[in-house]
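Visitor: Pasting the sequence and the predicted coordinates here, then a few questions.
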Amino acid sequence: MSTANGFKRVLPLRTAISTSAGLASAAINFLACVEIAEYAGGASAWLALLVAGTLIILAGANFSELNGMYPSSAAIRVWIRRGINDNVAMVTGFVYATTVIFVIAADAFVLGHVFQAAVPNVSGLIWIVLLLGLVTWINLRGIRLAGLVQDGNGFVLLATLVIFSFLVLLHPHVSLTAQRLFHFGPNWLEAVAVGIFIYVGFEWVTPLAEEFEDSQVIPKGMFIALGLIAVGFGLFTLALAVVFPNAGALKRSLVPQLIVGLRALGPLGFWWMVVVSLTTAMTTFNGGLATASRFVYALARERVLPPKMARLNVKLVPQNALLLLSFLSLGLAILVYLTGQYLFLINAGAAVESFMYAITAIVVANLRKREPNCHRPFHSWGVPWLSWIMAVIFLGLGIGSLLAPSGEQGFPGPLVFLVLLVAMSQIYVWKVVPRLKAQKRGVAKAVVPKP
Amino acid sequence: MDLLAALETFAEQCNQNQRLRQMNRDWSRLVELWATDTDQRYWLKSDAGSITAGIGEALEAELKISARNDILHDIFSGIITPTEPYNAGDLLVKGRQDDMMRLDIITLLIWGE
């Protein structure tokens, strides 16, 4: 592909949309849809998702401004380094990359249960191993193939979700009155708070910025993706609330989407939602591994991680980084599958994402002061006052996620875990990174692919 | 600081490296380098493993690299690795990820870490 001024081999807007939407559309979103419908008190869940989407658009504007200033695959590493400092950038980078593993493991847990329900004779663990193995193999074959898989799955997922929801909502027995659509339950604000987590992950498209020539493509892609997610999951949540007016009845299920599909459209709806669940997991596994492995590669090249993590295969894929992330995700997924402690991961992951949105709001405000003359193809809105409000809101949501009960006796496991993770990352940055950077040079052999 | 001379030396070293020639035999790309402070443009061309360098705008470039003149000079002279200015936001690249990886490997094979 060649653009008007001759720049060749650029990615289309389509890929920005599918990557952003695909990474946000995880299988765990269906569990969140049940919670949103329950808190919202029924059909008004769609409005809660819309309000949550507005908040996320503001976070998207911050990512757009930073991405326009520094369109780099090192993304947050560059922005936080310039907007706060190098130490915070490194620690945040480690924690953020770890979140990818949490999300993949939590999604694998849900996917395992979906397939266990669909094919009871085969253990969910086998499906998890097979699918993670397949996605790892696809990624080892090169970024182009991984991109095609992401494009295909992202669009199939959202299109089929919208069609499914319309089929349910347009059923002659369904009556959607204005009174029903705008009936707010007593916990409607909680529904908005949970609704935010439907969209998280949309910003993981920013490391692809270098592959688009026009710096407006990433903001456009993110905003269109947020709109598609709002439509896709908003309609599905509405369909869910219509089929199950008491959404709380689904709360104990790990596969609510299958139950909704079965009740709404019979076996067709059941299998339809199995396929949709598969596409959600594929986009999360695929996009997560592709993005995080490049991030680990960049850290290794900078000697923040061991040089072996920068080893490339003949397809120029950072194979050691990819395999490490894949094995860690698989290990954690198996652990979660056996213990059932998936809420722990979801809450920890949601908290990290919220904190990241708070930090980017602060970075935008700081960089407006530090680098006022830097070219900004996209200007975020209401800087700095709205930035600080956003920072406080997302900080509050993050703390709320960490304190949410996710185990027995209300022990705040995610809080303890995240504090430990940050502390370990900080110790690593203080103790190990200086040693790695001081190591004798000449590790080219450890990185370069074999001819 | 003569960036063109640095690029020409870089091209020569690439061409003398048998392993690089073999690795790049199926990699034909045009790379544009823009020294932002001097507003001068340069190009590097890889044609079936053979690298050439020159001055001027590169129409139809597949990879575009921009940084200050001194940073580009230091990278292509092997004084610094591209990673450090890249992660600091001082070196910006536009193009496909696999092409960037390839260029990173080329500098690595010539200059080491």
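Guide: Happy to help now that I have it.
Visitor: helix or strand for B:E32, which one?
Guide: Using DSSP states H and E, B:E32 falls within strand B:29-35.
Visitor: Report the distance from the helix or strand of chain B with the lowest mean pLDDT to the chain centre.
Guide: When each helix and strand of chain B is scored by mean pLDDT, DSSP states H and E, helix B:97-111 comes last, with a mean of 81. Put simply, helix B:97-111 sits 8 Å off its chain's centre (CA atoms, centre = their mean, to the nearest Å).
Visitor: Also stretch B:101-113?
Guide: 10 Å.
Visitor: next one: stretch A:134-143
Guide: So, by CA atoms, centre = their mean, the centroid of stretch A:134-143 is 19 Å from its chain's centroid.
Visitor: try stretch A:113-128
Guide: The answer for stretch A:113-128 is 24 Å, by CA atoms, centre = their mean.
Visitor: Quick check: residues of chain B near chain A?
Guide: B:19, B:22-23, B:59-62, B:64, B:81, B:83-84, B:86-89, B:92-102, B:104-105, B:108-109, B:112-113 (CB under 8 Å from any CB of the partner chain). Bear in mind the C-beta positions are built from the backbone N, C-alpha and C, glycine included.
Visitor: Using PyMOL, make a named selection holding only the buried ones among these.
Guide: Under the burial definition 16 or more other CB atoms under 10 Å in any protein chain shown, those of the residues of chain B next to chain A that qualify are selected in PyMOL by:
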select buried, chain B and resi 23+61+62+64+81+83+84+86+87+88+89+92+93+94+95+96+97+98+99+100+101+102+104+105+108+109+113
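Visitor: what about the closest residue to A:V122 other than its chain neighbours, how many neighbours?
Guide: Excluding its sequence neighbours, the residue lying closest to A:V122 (CB to CB, 6 or more residues apart in numbering or on different chains) is A:F115, at 7.0 Å. If you count neighbours by other CB atoms under 10 Å in any protein chain shown, A:F115 ends up with 24.
Visitor: Then B:D90?
Guide: Neighbour tally, B:D90, other CB under 10 Å: 16.
Visitor: For it, give me the pLDDT.
Guide: Note for B:D90: predicted pLDDT of 92.
Visitor: and it, what does it touch?
Guide: Counting by CB atoms under 8 Å, 6 or more residues apart in numbering or on different chains, B:D90 makes contact with B:67-68, B:71.
Visitor: Which helix or strand contains it?
Guide: Going by DSSP H and E, B:D90 is not in any helix or strand.
Visitor: okay but A:L312 is in contact with B:R102, surely?
Guide: No - the pair A:L312 and B:R102 fails to qualify as a contact (CB atoms under 8 Å) at a distance of 9.4 Å.
Visitor: OK, contacts around the residue nearest to A:V122?
Guide: A:122, A:124, A:127, A:274 are the contacts of A:F115 under CB under 8 Å, 6+ apart.
Visitor: for B:I55, same thing?
Guide: Counted by CB under 8 Å, 6+ apart, B:I55 has contacts B:4, B:40-43.
Visitor: can I get these in CSV with secondary structure, distance to A:Y342 and neighbour count?
Guide: Below are the contacts of B:I55 laid out as CSV (DSSP: H, G, I helix; E, B strand; the rest coil; distance: CB to CB, whole Å; neighbours: other CB atoms under 10 Å in any protein chain shown):
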residue, secondary structure, distance to A:Y342, neighbour count
B:L4, helix, 58, 15
B:Q40, strand, 56, 15
B:R41, strand, 53, 17
B:Y42, strand, 53, 24
B:W43, strand, 52, 18
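Visitor: What is the nearest of those residues to A:G41?
Guide: B:R41 (61.3 Å; CB to CB).
Visitor: isn't that closest one right next to B:A61, touching?
Guide: No - counting by CB under 8 Å, B:A61 is not a contact partner of B:R41; they are 9.5 Å apart.
Visitor: residues in contact with the strand holding B:E32?
Guide: Here strand B:29-35 has contacts from B:3, B:7, B:40-46, B:57-58, B:60-69, B:72, B:95, B:99, B:102-103, using CB under 8 Å, 6+ apart.
Visitor: what does stretch A:299-311 give?
Guide: So stretch A:299-311 is in contact with A:77, A:90, A:93, A:97, A:296-297, A:318-321, A:324, A:429, A:433, A:436-437, A:439, A:443, A:446-447, A:449, B:81, B:83-84, B:87, B:104, B:113, going by CB under 8 Å, 6+ apart.
Visitor: what residues are up against A:R144?
Guide: B:D98.
Visitor: per-residue pLDDT, it?
Guide: On the pLDDT scale, A:R144 gets 79.
Visitor: Restricted to helices, list the contacts of B:D90.
Guide: B:I71 (DSSP state H).
Visitor: most surrounded residue in the contacts of B:D90?
Guide: Going by other CB under 10 Å, B:I71 tops the contacts of B:D90 with 24 neighbours.
Visitor: B:P82 is in contact with that residue, correct?
Guide: No - if you go by CB under 8 Å, B:I71 and B:P82 don't touch, sitting 9.0 Å apart.
Visitor: Overlap in contacts, these two.
Guide: B:L91.
Visitor: any idea which of the contacts of B:D90 is closest to chain A?
Guide: B:A67 (12.0 Å; CB to the nearest CB).
Visitor: tell me the contacts of that closest one?
Guide: Applying CB under 8 Å, 6+ apart, the residues near B:A67 are B:35-36, B:75, B:85, B:90-92.
Visitor: What's the local residue count around A:E35?
Guide: 23.
Visitor: where's it, which helix or strand?
Guide: helix A:29-40.
Visitor: which bits of the stretch 201-350 of chain A sit near chain B?
Guide: Checking the stretch 201-350 of chain A against chain B by CB under 8 Å from any CB, the hits are A:208, A:210-211, A:213, A:294, A:298, A:301-303, A:307, A:312, A:315-316.
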